[in-house]
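A.B. asks: Predicted model follows, preceded by the sequence.
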Amino acid sequence: MYSIHPPPADDEIRPVIEVCMSALPTWLLRLIFALIVLVPATVTAKTFEVLHEFAGGFGGAKSVIWDDPGPLTIGPTGLIYGIDPELSGTKDVCFGYVYSLDPISRKLKILHKFCATDAPYGAEPVGGLTFGDDGMIYGLTFAFSTTGFPAIYRLNPVTGAVIYLATLNIEGAPSGKMTFAKGFLYGSLNYLQGVVFKFDIAKRAFSRLHTFQGRTSQVLFRDGALYGTTYSSSGRDTVYKLDISTKRLTTLYSFAVDSALPDPYPTGGVIFKEGALYGTTQYTSIAGAAGYGTIFKIDIFTGKKTTLHVFDQRDGSMPSYPLVSGPGSDLFGVTMTNIFKFDLSANKITVLYRPNPRGQASPPSSDLAISKSGVLYGTAGPGVYGAGESLNEAIYRLTP
């Protein structure tokens, strides 16, 4: 379990937060927020377990870890699958791997290492994993290919055998998992611009569907269209719909309409639930409100936006990953300081877990995966706490 401490005064915290939000990189923000112990509006003690802790941490068996472990995917048999972009200190000079984890036995198995022998298709698996209806796993590598571009690969979850399908002719890092639909993969890449793409698996053909001036989120496939968000430092934060067949882009909502503060950064994209789109922003574009992020709803037909919740640090701060849909009217998500549930019917947020500064896990480093029984799984990156402790990367389970 974890202890509850009284919150510091606002005049002690706010100057620190404002400096962090304007000047510091994301990885350092995670560490700073981990040091701020706040009392949530509602904290519900639930079962939180670390299922696996990766060896190393800062300066340990691995080299210094610059990348957090990626998001998890739950397979059709209940096994958990994930990626870690870093794997150094080995004889074969490898950079990243795909693994499976049995949530019952807690046994982790490395399915494939991305090594120098994988050239020219690259290494460093990023963005997460996607199961196709053929039972295979699909993913992207980011670096070290001979062309310098990302590559799409297919992995057999039983044997660990990898087949590289194509090297993409575009620079960029994936903004999340690809989406599998009717024999195609859909995804997005960000570099100087945001690109949404389609990949024909049978033909191994890559095509660009749209290029944004700013960056774009992970995409959602529904009824022949892709939905997502854009975000940048120049007022291009939007929620959009992209028709796949016609490539017609429709801006459902522009955050510039109500922006009274810096751009809200809806980096987590959107999910579909109860006939509407739901997402989060890292900041708050509402005059007079705390600037620590929001949960919003978009009417899929009219584009009307409704702000459902404004984070105030006590119940979370700066959500940046996709929400997940739970049973009934529940949404689940993570911020830089906690894991939360939002009940759409009651319009109520509940903090399920926040990292204990002296143990268990560092702040969440990816979006959640939810099992058929409603159990949540996620990953946490390395964290350094006030006592000088260092935690390694970890896989956790939370039973709401």
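C.D. replies: Everything's here; your move.
A.B. asks: Could you tell me which ranges of the stretch 151-300 of the chain sit under the pLDDT cut-off?
C.D. replies: Screening the stretch 151-300 of the chain residue by residue with the criterion pLDDT under 70, one finds the ranges 233-235, 257-263, 285-290.
A.B. asks: Could you check how far the closest residue to residue 243 other than its chain neighbours is from residue 73?
C.D. replies: Excluding the flanking residues, the one nearest residue 243 by Cβ to Cβ, 6 or more residues apart in numbering is residue 225, at 5.3 Å. No exception for glycine: its C-beta is placed from N, CA and C like everyone else's. Computed as Cβ to Cβ, to the nearest Å, the residue 225 to residue 73 distance reads 23 Å.
A.B. asks: Then residue 232?
C.D. replies: Taking Cβ to Cβ, one finds residue 232 at 28 Å from residue 73.
A.B. asks: and what of residue 168?
C.D. replies: Separation of residue 168 from residue 73 (Cβ to Cβ): 21 Å.
A.B. asks: and what of residue 179?
C.D. replies: Separation of residue 179 from residue 73 (Cβ to Cβ): 12 Å.
A.B. asks: Looking at these two, which is more packed in?
C.D. replies: Neighbour count, other Cβ atoms under 10 Å: between residue 179 and residue 73, residue 73 has more, with 21 against 18.
A.B. asks: And the residue nearest to residue 243, how far from residue 210?
C.D. replies: From residue 225 to residue 210 the distance is 12 Å (Cβ to Cβ).
A.B. asks: what touches both of these two?
C.D. replies: Listed as contacting both residue 225 and residue 210 by Cβ atoms under 8 Å, 6 or more residues apart in numbering are residue 242.
A.B. asks: before we move on, the earlier item: anything in contact with each of residue 179 and residue 73?
C.D. replies: Here residue 179 and residue 73 share the contacting residues residue 130, scored by Cβ under 8 Å, 6+ apart.
A.B. asks: Using PDB, write down the CA coordinates of stretch 155-175.
C.D. replies: The C-alpha coordinates for stretch 155-175 follow below in PDB (Å, rounded to 0.1, in the frame of the first residue of the first chain):
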ATOM      1  CA  LEU A 155       6.200 -11.800 -35.500                       C
ATOM      2  CA  ASN A 156       4.900 -15.300 -34.700                       C
ATOM      3  CA  PRO A 157       3.900 -15.200 -31.000                       C
ATOM      4  CA  VAL A 158       4.500 -18.900 -30.600                       C
ATOM      5  CA  THR A 159       8.000 -19.300 -32.300                       C
ATOM      6  CA  GLY A 160       9.200 -15.700 -32.100                       C
ATOM      7  CA  ALA A 161      10.200 -15.800 -35.800                       C
ATOM      8  CA  VAL A 162      10.200 -12.400 -37.400                       C
ATOM      9  CA  ILE A 163       9.500 -11.500 -41.100                       C
ATOM     10  CA  TYR A 164      10.300  -8.000 -42.200                       C
ATOM     11  CA  LEU A 165       7.500  -6.800 -44.500                       C
ATOM     12  CA  ALA A 166       8.800  -3.400 -45.600                       C
ATOM     13  CA  THR A 167      11.100  -0.500 -44.900                       C
ATOM     14  CA  LEU A 168       9.000   2.700 -45.000                       C
ATOM     15  CA  ASN A 169      10.200   5.600 -47.200                       C
ATOM     16  CA  ILE A 170       9.600   8.200 -44.500                       C
ATOM     17  CA  GLU A 171      11.400   9.300 -41.400                       C
ATOM     18  CA  GLY A 172       9.700   9.400 -38.000                       C
ATOM     19  CA  ALA A 173       8.800   7.700 -34.800                       C
ATOM     20  CA  PRO A 174       5.400   5.900 -34.300                       C
ATOM     21  CA  SER A 175       3.100   7.900 -32.100                       C
END
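A.B. asks: Count the residues that sit near residue 251.
C.D. replies: Residue 251, neighbours per other Cβ under 10 Å, totals 12.
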